[in-house]
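**Student:** what follows is a protein structure lacking sequence information:
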């Protein structure tokens, strides 16, 4: 039986963060499954189009990757997404994978990074350990998430709860899209009046949103808006996918899916 590992990502046009995050996750997964041939797919048509137009690397869509595996004689497929949440991209991926179920003898789909309380506890501990040593007393940490229209597992509010439970009160999570938006961060800054705000992306890659919407020089970036509130702002352009602990979580999800299959 020919086995394959298909890693599915949204994608990014930023080469440096791609290598540091998505390719690092792929590397951890391929090490964990040496008996499976590696394939990759990206789901963002916009990013795939941009790369093609600019002479960048060419990546398969999910359907193209599945067709490639079928042509290569693969019979057992383990699909692991690199998404943060069980949102739109995950649903679309699950639907497409389901459409290929009858074409392979076995096909299994792993979970995204954050789907239950145990995942969130691991992320909480990682963030607390990472930023506790950097921030001075009185500083504030604000994370920029992408946002999701799924509300059954509210990662952002639960993460804030975990931080406050553990004594990290000067903390806020906002999103680029959907709720809660930027308002929780702004409200916390106005209430706490921290001298310094540390901004970091709560995203797998530190791509366009982190570089421009969070840390960019434009007047509507989070950095600019917080500076107008009188705070010094320090931006950490490091995607979650760069952390070995996060890579390990994806490996754990893939192993769980492989066992179920």
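**Tutor:** Done, it's in. Remember, it's a predicted structure, so these values are computed and weren't measured experimentally.
**Student:** from now on I want contacts and neighbour counts done on CA atoms only, so please keep to that.
**Tutor:** Fine.
**Student:** where does the prediction get shaky in the stretch 1-150 of the chain?
**Tutor:** 1, 133 (pLDDT under 70).
**Student:** residue boundaries of the helices in this protein?
**Tutor:** In the chain, the helices defined using DSSP state H lie at 15-17, 23-32, 45-53, 62-71, 88-99, 117-132, 155-165, 183-192, 208, 222-227, 244-260.
**Student:** so which of these is the most packed in?
**Tutor:** Comparing those by mean neighbour count (mean count of other CA atoms under 10 Å), helix 222-227 comes out on top with a mean of 20.
**Student:** how about residues contacting stretch 232-250?
**Tutor:** 17, 20-22, 24-25, 28-29, 80, 82, 111-113, 119, 123, 126, 195-206, 210-211, 215, 223, 226-227 (CA atoms under 8 Å, 6 or more residues apart in numbering).
**Student:** burial measure for residue 38, as a count.
**Tutor:** Neighbour count for residue 38, taken as other CA atoms under 10 Å: 18.
**Student:** kindly state the beta-bridge partners for the closest residue to it other than its chain neighbours.
**Tutor:** What sits nearest to residue 38 in space, not counting adjacent residues and going by CA to CA, 6 or more residues apart in numbering, is residue 5, at 4.9 Å. Note on residue 5: beta-bridge partners residue 38, residue 78, judged by DSSP bridges.
**Student:** distance of residue 5 from residue 42?
**Tutor:** Computed as CA to CA, to the nearest Å, the residue 5 to residue 42 distance reads 14 Å.
**Student:** what bits of the stretch 151-261 of the chain have low per-residue confidence?
**Tutor:** 151-152, 261.
**Student:** spit out the contact partners of residue 19.
**Tutor:** By CA under 8 Å, 6+ apart, residue 19 lies in contact with nothing.
**Student:** any idea how far it lies from residue 207?
**Tutor:** Distance of residue 19 to residue 207, given as CA to CA: 12 Å.
**Student:** over to residue 18?
**Tutor:** Distance of residue 18 to residue 207, computed by CA to CA: 8 Å.
**Student:** please enumerate the shared neighbours of these two.
**Tutor:** Contact criterion CA under 8 Å, 6+ apart; residues shared by residue 18 and residue 207: residue 12.
**Student:** neighbours of the closest residue to residue 205 other than its chain neighbours, how many?
**Tutor:** Distance criterion CA to CA, 6+ apart; nearest residue to residue 205, sequence neighbours excluded, is residue 239 at 4.2 Å. Residues lying near residue 239 (other CA under 10 Å) number 21.
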